[in-house]
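Trainee: just a sequence and a predicted model for now, questions to come.
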Number of protein chains: 2
Amino acid sequence: MSRVRIYVTYKPSVFDPQGATILDTIQTALGHQEVSQVTVGKFFDLTLPAANLDASVKEIAEKLLVNVNMETYRYEVLEEAE
Amino acid sequence: MSRVRIYVTYKPSVFDPQGATILDTIQTALGHQEVSQVTVGKFFDLTLPAANLDASVKEIAEKLLVNVNMETYRYEVLEEAE
């Protein structure tokens, strides 16, 4: 079985309120003024067979895991099937 | 400035209800019975100076971004400061 990681982030055109809030807290509450940008994302690790991997990941991502209106995704193979 | 990515996941001992729910949906609603495991995580991309990078990331992660009771984290440098 292979293990893949699907990264999901907001499209660049979409404002990331969570990232902005976290940045503000880092700068004010923690005093790390040197941090200039924060963006937040999520990822899904899936274990599935190597056969038809690309098609399966594409379907699962676009039909379930990703809001294609606001989000973009990419994936990488963490572990190849033996 | 450097860009780092902090990955946050549940500790292995902590049950991941979201991952279990997503797996069930993938197998039933999408019919992908071949998928055997799903885990969910989040990541934070920070832009900050290279100086004291390790100490800054450790403090920001452990004092703000990570619930150290239930979660574990690691980070990687995506881009080194020029």
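Mentor: Happy to help now that I have it.
Trainee: strands of chain A, residue ranges please.
Mentor: Chain-ordered strands for chain A, with DSSP state E as the definition, fall at A:2-10, A:37-48, A:71-79.
Trainee: and the residue of chain A most remote from its centre, its phi and psi?
Mentor: In chain A, the residue that sits farthest from the middle, by Cα atoms, centre = their mean, is A:G31; the gap is 27.3 Å. Per-residue torsions, A:G31: phi 70, psi 20 (degrees, to the nearest 10).
Trainee: any stretches of chain A with poor pLDDT?
Mentor: A:82 (pLDDT under 70).
Trainee: which residues sit against the helix ranked longest in it?
Mentor: In chain A, taking DSSP state H as the definition, the longest helix is helix A:17-28. Here helix A:17-28 makes contact (Cβ atoms under 8 Å, 6 or more residues apart in numbering or on different chains) with A:H32, A:Q33, A:V35, A:Q37, A:V38, A:T39, A:V40, B:F44, B:L46, B:I60, B:L64, B:L65. In short, each C-beta sits where N, CA and C put it, glycine included.
Trainee: for stretch A:55-62, same thing?
Mentor: Contact with stretch A:55-62 is made by A:4, A:6, A:8, A:46, A:48, A:68, A:73, A:75, B:26, B:30, B:32, B:34-35, as judged by Cβ under 8 Å, 6+ apart.
Trainee: one more time with 6 Å, if that's ok
Mentor: The contact list for stretch A:55-62 (Cβ atoms under 6 Å, 6 or more residues apart in numbering or on different chains) reads A:V4, A:I6, A:L48, A:V68, A:Y73, A:Y75, B:I26.
Trainee: residues of it that come out buried?
Mentor: With burial defined by 16 or more other Cβ atoms under 10 Å in any protein chain shown, the residues of stretch A:55-62 counted as buried are A:S56, A:V57, A:I60, A:A61.
Trainee: just stretch A:39-53 next, same as before
Mentor: A:T39, A:V40, A:G41, A:K42, A:F43, A:F44, A:D45, A:L46, A:T47, A:L48, A:L53.
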